[in-house]
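K.L.:
got a predicted structure plus its sequence, pasted below:
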Number of protein chains: 2
Amino acid sequence: MSLRHAMLGLLAVEPATGYDLARRFDKSLSNAWHASHSQIYPELARLEGAGMVEVVAEGARNSKTYGLTEAGHAELRRWLVEVEPSRQQRSESAVRMFLAPKLLAPGDARIALERDLRDVLKQREALEQIVAAIEADGGGSPFLPAVDLGLRMSPVTEGWIRDQLAALGDEA
Amino acid sequence: MSLRHAMLGLLAVEPATGYDLARRFDKSLSNAWHASHSQIYPELARLEGAGMVEVVAEGARNSKTYGLTEAGHAELRRWLVEVEPSRQQRSESAVRMFLAPKLLAPGDARIALERDLRDVLKQREALEQIVAAIEADGGGSPFLPAVDLGLRMSPVTEGWIRDQLAALGDEA
DNA sequence: TTATGACATGTCATCTTTTGCATGTCAAAA
DNA sequence: TTTTGACATGCAAAAGATGACATGTCATAA
């Protein structure tokens, strides 16, 4: 159950509201996991019931900030150190990239690959802006390594797409 | 609904039984999507009901080989060309890699990262064996590009993990 | 003052995915 | 001959994820 552990991890870095968690999933962890508020709030309640998180502050707009308990820290450590990782991945865009050059007429394949290329470059810009924001902020973000991995992957994907486009050209 | 389109894509490359599809998901598409037979068979039935696939051969052991119909090809093309891609990804091991150096004591973090590193190298070997098998087979696999992307990503991940390990060393 | 948009939390129906159970064929090796 | 392992298909229950519905607060700008 990765949602649970991803949430424990985010809360271990810094206590947060459910709303904060939803944003962090989309911002810092978007290359790794996704969860929307309709999953997050019930899971927070379950985690509280299991004694792994607790409300550490209540603020404006009925907000509740959660932090880890001892049991939460222990469970997170157990998962990270003792549980065998699953190497499974899911990426719709990877499925598409693999199929497009194989199955479409060269003209259609070019359309699809060029859109993928634009998406990759757009995503890289987004990552670069996050880095810029972190640096403007003093550089102390715990998520810089995650963003960094995304930035290292980006040119690899770009190169692969360009090679697929070039191979299309050879056939045309 | 990516399962449906991934299956259409695999069948477009070459007709297959449900059992074949399950293996291809684990072999060729393992970096992109996963599905087990208990998902595949019902989805094949639905696709047949929708007129997108049809039985093109029946073999030993009650096996049924499916291929795409015209409607199946049309749906696949529509999805690849016209539908906006979702850039969401899910990777449990990415979640773990991000959290481990951040949240664990250096000793535990080292254990977790070194296991991740071993996994990456093991996976790379598996990919290299697939490439070797394809080349021994005459080189004509439609999935070589998918494997190739995995092989290009592998050293990037390796480098990132080694940098995280080095950063741990600095703190110790 | 009122409208907008970010903040904030929640439920519910539906769909997707996993896991465990269950059955059976066929070829090759012991 | 019998047993093992790959091939082959299927169902059902449970868990996980999505998308729509629903409500309300608060600060800021028009």
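P.N.:
In hand now; what should we look at?

K.L.:
would you map the helices across chain A?
P.N.:
For chain A, the helices defined by DSSP state H occupy A:2-13, A:18-27, A:37-49, A:70-82, A:92-103, A:106-136, A:144-171.

K.L.:
could these be laid out in a markdown table, adding mean pLDDT?
P.N.:
Shown next, in a markdown table, are those (pLDDT from 0 to 100):
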| stretch | mean pLDDT |
| --- | --- |
| helix A:2-13 | 96 |
| helix A:18-27 | 94 |
| helix A:37-49 | 98 |
| helix A:70-82 | 95 |
| helix A:92-103 | 92 |
| helix A:106-136 | 88 |
| helix A:144-171 | 90 |
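
K.L.:
DNA strand C contacts on chain A?
P.N.:
For chain A, the residues in contact with DNA strand C (CB under 7 Å from any atom of the strand) are A:17-20, A:22-23, A:37-38, A:41-42, A:44-45, A:59-64, A:88, A:90. C-beta: built from backbone N, CA, C; applies to glycine.

K.L.:
filter those residues down to the ones near chain B?
P.N.:
Contacts with chain B within these, as defined by CB under 8 Å from any CB of the partner chain: A:Gln88, A:Arg90.

K.L.:
which among the residues of chain A next to DNA strand C are in contact with DNA strand D?
P.N.:
Checking these against DNA strand D (CB under 7 Å from any atom of the strand), the matches are A:Ser38, A:Ala60, A:Arg61, A:Asn62.

K.L.:
circling back to that earlier point, TSV for the helices of chain A, including mean neighbour count?
P.N.:
Formatted as TSV, those follow (neighbours: other CB atoms under 10 Å in any protein chain shown):
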stretch	mean neighbour count
helix A:2-13	22
helix A:18-27	17
helix A:37-49	15
helix A:70-82	16
helix A:92-103	22
helix A:106-136	16
helix A:144-171	16
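
K.L.:
can I get the ones you listed in TSV with distance to B:Arg118?
P.N.:
Formatted as TSV, the helices of chain A follow (distance: least, CB to CB, whole Å):
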stretch	distance to B:Arg118
helix A:2-13	20
helix A:18-27	28
helix A:37-49	31
helix A:70-82	14
helix A:92-103	24
helix A:106-136	28
helix A:144-171	18
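
K.L.:
contacting residues for the residue nearest the centre of chain A?
P.N.:
Among the residues of chain A, the one closest to the centroid is A:Ser30, at 2.2 Å (CA atoms, centre = their mean). Residues in contact with A:Ser30 (CB atoms under 8 Å, 6 or more residues apart in numbering or on different chains) are B:Gln88, B:Gln89.

K.L.:
flag the least confident of the ones next to DNA strand D among the residues of chain A next to DNA strand C.
P.N.:
Lowest pLDDT of these: A:Ala60, 89.

K.L.:
how many neighbours does that one have?
P.N.:
5 (other CB atoms under 10 Å in any protein chain shown).
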